[in-house]
Each structure stands twice: as structure tokens, then as C-alpha cells.
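Enquirer: No sequence on hand, only this structure:
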């Protein structure tokens, strides 16, 4: 059984206002990307790591990889402008096989815990697709299409906030994308969504996430990440 962590670092946005995408922001002595890769490097259940990056930043990634000398890193891949192109780059680069399992993780979630990674890998023993999520704590409304009015308010007890990693047996995610890319209206925001739409017979198991497994989105998030890392290092 080969568990391959796929670190998705293909984003090229500069919402933080700097010269580089946020995955290359330095926090607590390392880039956000490095913190994310480190989590999978030290997990005993992960056999290999591949990192997918926007082509414009491949040379920077190569420099970071040389500096860290991650023992599990096997591939540096070029992604595309859309997230699904980065996922496809990893799928295409991995040889198919029933013993291959892909664990996709957003590079900008640097605080993923070993518990989450362990639970995701364990869940793959009995399921073909696994998501990570936490219960929604806010009331969420659905707006009427094309209007500024509330359409409905779903029952919060059924709603969850999605995190990563998302993990799949190779044949499941590869087949979902194979079918999906034949759809002229294909759209994707995450890999579980592709499986839900194009492999609906596959039930996606939910692993409990963590409030600290945040996605770096706004400048203030880097301050929070630094505080949590400092607390963990003291522990």
C-alpha cells in the first residue's frame, strides 16, 4: 500500500499584497508551504510526497526542496491556473494501481495535525474516498438565484465546513476526473465534489477535522498561524 501526499501549491494569487503567493509567506521561520510539507514528511503513514506548483514558481520550489531535503519527496509537478489542473497533474504522474492512495492537501493549511492525517489514512482502509470537515457553527442562508433575498435557511445540523486533506484510492479519483473532463460543463472547486458528481456510487466518509486546521486566506490569518505554531513548539 502506497500513500502519496499531494501538496497543492498551485495558487498564484496575491491577496496578501506581497510579491509572492501566500504559500511562500514566511511564518515562524519557514514558508507556509514548508510547514505543510513537514506535517506529511513526519507522518509514518505517508510513503511519498509530491508538490504541485504554478509553473512560474517552479524554480523557487526547487530551491526550497533542496534546502529541506525531504526524504519522502519524489515529485515536483507543474500545475495549472485552475485547481483541478493541479490535481490532474498529480493523478497523471502517479502510476495506476489498486495499492495507490492519494492524499490531497492545500499547501495553505499549514496546521494540519498528525491525528487528522492518521484518521484519513485509516479511513481509506474501508472507504474509497475520504473528506475532512467540522460542524458549521453559524447559521447559513441560501440566497435566491439572481436576487438579494433569502431563498431558504438549511438546517445547520446537517452542514459542515470542508477542510483538507481529501483522500482517495487512485482508481476512484482517476475515474471521476476521466468522466468529468468529458463533460463540457465541467467545474470543480475540490476533489470530493468531482467524485460526488461523477462517481455518485462512491460514499465519501467524513473524518472529523480541527478548528486549528485553518486555511490561510487573509493577512490576519498569518498572525494566528504563528501563535498556534509557537504554542505547539512550546508543548
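Expert: Now that the structure is in, tell me what you want to look at. Note that the coordinates shown come from a computational prediction; the quantities given were computed from them, not determined experimentally. Residues are numbered from 1 along each chain as shown.

Enquirer: how about the residue nearest the centre of the chain, secondary structure?
Expert: In the chain, the residue lying closest to the centroid (C-alpha atoms, centre = their mean) is residue 105, at 2.5 Å. Of the three states, residue 105 takes strand under DSSP: H, G, I helix; E, B strand; the rest coil.

Enquirer: Now it. Nearest residue, chain neighbours left out?
Expert: Spatial nearest neighbour of residue 105, chain neighbours left out: residue 165 (4.3 Å); criterion: C-beta to C-beta, 6 or more residues apart in numbering. C-betas here are computed from N, CA, C, even on glycine.

Enquirer: Wait, that neighbour touches residue 120, no?
Expert: Yes - assessed by C-beta atoms under 8 Å, residue 165 is found in contact with residue 120 at 5.4 Å.

Enquirer: Please enumerate the shared neighbours of the two.
Expert: With contacts defined as C-beta atoms under 8 Å, 6 or more residues apart in numbering, the residues shared by residue 165 and residue 120 are 103, 130, 132.

Enquirer: Tell me who's in contact with the first one.
Expert: By that I understand residue 103. 3, 4, 5, 6, 40, 46, 117, 120, 121, 165, 166, 167.

Enquirer: Pull the number of nearby residues for the third one.
Expert: Put plainly, it is residue 5. By other C-beta atoms under 10 Å, 29 other residues sit near residue 5.

Enquirer: who touches the helix or strand hosting residue 59?
Expert: Under the criterion of DSSP states H and E, residue 59 resides in helix 58-68. Applying C-beta under 8 Å, 6+ apart, the contact partners of helix 58-68 are 9, 20, 24, 31, 33, 34, 37, 51, 53, 73, 76, 78.

Enquirer: So residue 165 and residue 120 - more neighbours on which side?
Expert: A direct count of neighbours by other C-beta under 10 Å for residue 165 and residue 120 places residue 165 higher, at 29 against 26.

Enquirer: contacting residues for that one?
Expert: 5, 103, 104, 105, 112, 116, 117, 120, 130, 132.

Enquirer: I'm done for today, thanks for sticking with me.
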